[in-house]
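Peer 1: Quick check, what structure comes out for this input:
(4 chains)
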Protein chains: 2
Amino acid sequence: MDQLRALRYFATVAEAGSFSGAAKQFDVPASSVSRRVSDLEAYLGAQLIHRTTRTVQLTEVGLQYLTQIKPLLSALKQSDDAVRAYQTEPQGMLKISSMVGFGERVLIPLLDEFNQTYENIRLDVELSDAVTRVDKDDVDIAIRGGFAPDQRVVAIKLMDNEFIPAASSAYLAEHGVPQSTRQLSRHRGLFFKTPTGPTHWYTELDGQWQDVSGDKILVSNNGRWLIRQAEAGKGIVMLPHWVLAESFARGTLVPLKFPEPLSITQNQPMGVYLIYQKLRYHIPKVKALVDFLSARLRQV
Amino acid sequence: MDQLRALRYFATVAEAGSFSGAAKQFDVPASSVSRRVSDLEAYLGAQLIHRTTRTVQLTEVGLQYLTQIKPLLSALKQSDDAVRAYQTEPQGMLKISSMVGFGERVLIPLLDEFNQTYENIRLDVELSDAVTRVDKDDVDIAIRGGFAPDQRVVAIKLMDNEFIPAASSAYLAEHGVPQSTRQLSRHRGLFFKTPTGPTHWYTELDGQWQDVSGDKILVSNNGRWLIRQAEAGKGIVMLPHWVLAESFARGTLVPLKFPEPLSITQNQPMGVYLIYQKLRYHIPKVKALVDFLSARLRQV
DNA sequence: AAAGTTTATTGTCTTTAAAGCAATAATGAG
DNA sequence: CTCATTATTGCTTTAAAGACAATAAACTTT
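Peer 2: Residues are numbered from 1 along each chain as shown, chains lettered A, B, ... in the order given. Here you go, the predicted model:
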């Protein structure tokens, strides 16, 4: 028995004071209403409504029961509506996890702006280079550098994440400007460390990828420190262009150019990916941020 | 969609953390649970549970929804149980309507006793000789003198209600003891008035019913007054035996005997009837009183 | 007092929804 | 990498609700 339907019929019969009247409201035959209410009575083992062909009257239990279930029916409706509203209006707690460097330099300024537009969305931002999994770690949106995401999440490439080499003019003056990636291995290196270990300098020579990493003067997962050391002429640093952009603008670092390809990976082109769960039904708060960031950053 | 069932499935899946686990509890295939929850999600337009083949996790809305509906489910169960308990244990307000005379003399003493046995039943007793209708006037039990009840109520004959004539010794000494009903019409009469009018004295003479009512000295619907007047020697009174029993015991009145039948009606034998509604499901409070009164009073 | 009308119910058939079952896909453990 | 567990999907069976006509009861009206 669909008790909920029976309850709705019963309540309407009680209000309308008639089975046929209730039937009209639901647009079903009166016999259906009659049967459903009878089912309910059988289920409860009590007569809720005393009826003649002409009058319909609640029994004492009927009235008691009606009084109790009416608030339940409306509460259920409210809960249903709340879920639907949740889908409509962006709101709730939005948990974001981002790589530290990107988070500090790019994401946080954008989130300040985002916050002003969507005041009902509260943010929980964690900056970490650890591999958070969007499906396990209770995170709505993750931003990670790397390449291919896995199959059960949606990944949007926000921007290129190509690591480019740079050094200070002073360093280059002292150690010489390398003309080929082949010469890099003789240089001093300031290495960025990812959760899977220090990055390497890979280059493609004669159709073969090979490691041309320099001396490991310094290894750190803190991009700012690496940059300060590079600016101090300690060595060559290899970081994403958006990390170095500021130093290039100030002239404290200069990019190194090579005829050969140079990268920190031998495989796919690097990128900054926005990752979120593949949900069948869009969650507005997630959609809001995805759309927002895409509009600002996305590159095809 | 049977939303209630879907809700129960959903809540159990959330608690068990697994579809198959929930399915076991309901003893249905896991596919059913899966489908019902999916139906619910489609109905709400939101994903409530994020699932892989290995883990089941509530979404934010899912948790919100669960928190809201769980109290509703248990409240509904409570209401259902309350109705069933109501059927099981006699309780509630029991409305009784009784003829005045019977109420005062017979019913009320019995109800005092009844009250001690069933403390959860609260009584609402109205004494009136008006024709209350058990199906319209919101009365659970009615006690009426008369004969056949109508077809949609249950009537139990509690006791005989034969009206018998009586007078005081003083009256009889002064006016003579009537030897035949034929002589009654020359006597002074104290008449009980029913809602349909004053009673008459009918007798059967030579196979014919005829009216042998005496002079209407006094007409009243108040039996006590009639008795007081009769005891004062004002005339002959005709009342049910259970009304006169006390006066007979004290010797203030004596019954009159006749060879011919004497009655206040030409039809069926009179009786005191207990009347209640024909309900499909027994209401314990009603059954309790019916059984109680029957045990004390019922005559076959 | 009798006919007529409205209303709830019941019987039977049709339609719809849920259960059951086997097979598939995918995820985490050993 | 293999294996076992788990959710899902396609298909069939079973149960429940809807539709519709017919019946019975209870007021109203003539």
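Peer 1: For residue A:31, the count of nearby residues, please.
Peer 2: 11 (other CB atoms under 10 Å in any protein chain shown). To be clear about C-beta, it is placed using only N, CA and C from the backbone, and glycine gets the same treatment.
Peer 1: same question, residue A:17
Peer 2: With other CB under 10 Å as criterion, residue A:17 counts 12.
Peer 1: Tell me if I'm right that it and residue A:56 touch.
Peer 2: Yes. Counting by CB atoms under 8 Å, residue A:17 sits close enough to residue A:56 to count as a contact (5.4 Å).
Peer 1: Against DNA strand C, how distant is residue A:75?
Peer 2: Residue A:75 sits 21 Å away from DNA strand C, going by CB to the nearest atom of the strand, to the nearest Å.
Peer 1: list the contacts for the closest residue to that residue other than its chain neighbours?
Peer 2: Closest residue to residue A:75 apart from its sequence neighbours, by CB to CB, 6 or more residues apart in numbering or on different chains: residue B:72 at 5.6 Å. Residues in contact with residue B:72 (CB atoms under 8 Å, 6 or more residues apart in numbering or on different chains) are A:72, A:75-76, A:79.
Peer 1: if you set the cut-off to 6 Å instead, what comes out?
Peer 2: Residue B:72 sits next to A:72, A:75-76 when contact means CB atoms under 6 Å, 6 or more residues apart in numbering or on different chains.
Peer 1: and of those, the nearest to DNA strand D?
Peer 2: residue A:76 (17.3 Å; CB to the nearest atom of the strand).
Peer 1: name the element the residue lying closest to that closest one once chain neighbours are set aside belongs to?
Peer 2: Leaving aside its sequence neighbours, residue A:76 sits nearest to residue B:72 (CB to CB, 6+ apart; 5.7 Å). Taking DSSP states H and E as the criterion, residue B:72 maps to helix B:60-88.
Peer 1: next helix or strand past that helix?
Peer 2: strand B:92-98.
Peer 1: Quickly note the distance from the most centrally placed residue in chain A to residue B:161.
Peer 2: Among the residues of chain A, residue A:141 comes closest to the average C-alpha position under CA atoms, centre = their mean, at 1.8 Å. Relative to residue B:161, residue A:141 is positioned 86 Å away (CB to CB, to the nearest Å).
Peer 1: quick revisit: the residue nearest to the centre of chain A against residue A:97, yeah?
Peer 2: No. With contacts counted by CB atoms under 6 Å, residue A:141 stays clear of residue A:97, the gap being 7.5 Å.
Peer 1: how about residue A:5, phi and psi?
Peer 2: Per-residue torsions, residue A:5: phi -60, psi -40 (degrees, to the nearest 10).
Peer 1: no no, residue A:196
Peer 2: According to degrees, to the nearest 10, residue A:196 has phi -90, psi 10.
Peer 1: Kindly report the same for the one 3 residues further on.
Peer 2: When read as degrees, to the nearest 10, the backbone of residue A:199 gives phi -70, psi 160.
Peer 1: Could you check the pLDDT of the residue nearest to residue A:184 when sequence neighbours are not counted?
Peer 2: Closest residue in space to residue A:184, ignoring its immediate chain neighbours: residue A:212 at 4.4 Å, by CB to CB, 6+ apart. For residue A:212, the model assigns a pLDDT of 93.
Peer 1: Same question for the one 4 residues further on.
Peer 2: Residue-level confidence at residue A:216 comes out at 89, pLDDT.
Peer 1: go on, residue A:132?
Peer 2: Value for residue A:132, per-residue pLDDT: 63.
Peer 1: Would you mind putting the CA coordinates of stretch A:112-120 into PDB?
Peer 2: Extracted in PDB, the C-alpha atoms of stretch A:112-120 (Å, rounded to 0.1, in the frame of the first residue of the first chain):
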ATOM      1  CA  ASP A 112      37.400  37.000  -3.000                       C
ATOM      2  CA  GLU A 113      35.600  38.200  -6.100                       C
ATOM      3  CA  PHE A 114      33.500  35.100  -6.200                       C
ATOM      4  CA  ASN A 115      32.400  35.600  -2.600                       C
ATOM      5  CA  GLN A 116      30.900  38.900  -3.400                       C
ATOM      6  CA  THR A 117      28.800  37.500  -6.100                       C
ATOM      7  CA  TYR A 118      27.600  34.400  -4.200                       C
ATOM      8  CA  GLU A 119      27.000  35.400  -0.700                       C
ATOM      9  CA  ASN A 120      25.100  32.300   0.200                       C
END
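Peer 1: List the neighbours of that stretch that are in contact with it.
Peer 2: Under CB under 6 Å, 6+ apart, the answer for stretch A:112-120 is A:90-91, A:288, A:292.
Peer 1: Averaged pLDDT, it. What do you get?
Peer 2: Per-residue pLDDT values over stretch A:112-120 give a mean of 89.
Peer 1: buried ones in that stretch?
Peer 2: A:114, A:118 (16 or more other CB atoms under 10 Å in any protein chain shown).
Peer 1: can you check stretch A:58-71 too?
Peer 2: A:58-62, A:64-66, A:68-69.
Peer 1: Now tabulate the residues you listed in CSV and tack on distance to residue B:204.
Peer 2: Shown next, in CSV, are the buried residues of stretch A:58-71 (distance: CB to CB, whole Å):
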residue, distance to residue B:204
A:58, 49
A:59, 45
A:60, 46
A:61, 49
A:62, 49
A:64, 53
A:65, 54
A:66, 55
A:68, 59
A:69, 60
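Peer 1: Flag every residue of chain A that's near DNA strand D.
Peer 2: Neighbours of DNA strand D within chain A, by CB under 7 Å from any atom of the strand: A:1-2, A:5-6, A:27-29, A:31-32, A:35-36, A:39, A:52-55.
Peer 1: Quick check: PyMOL command selecting the buried ones in the residues you listed.
Peer 2: In PyMOL, a selection of the buried entries from those looks like this (16+ other CB under 10 Å):
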select buried, chain A and resi 2+5+6+36+39
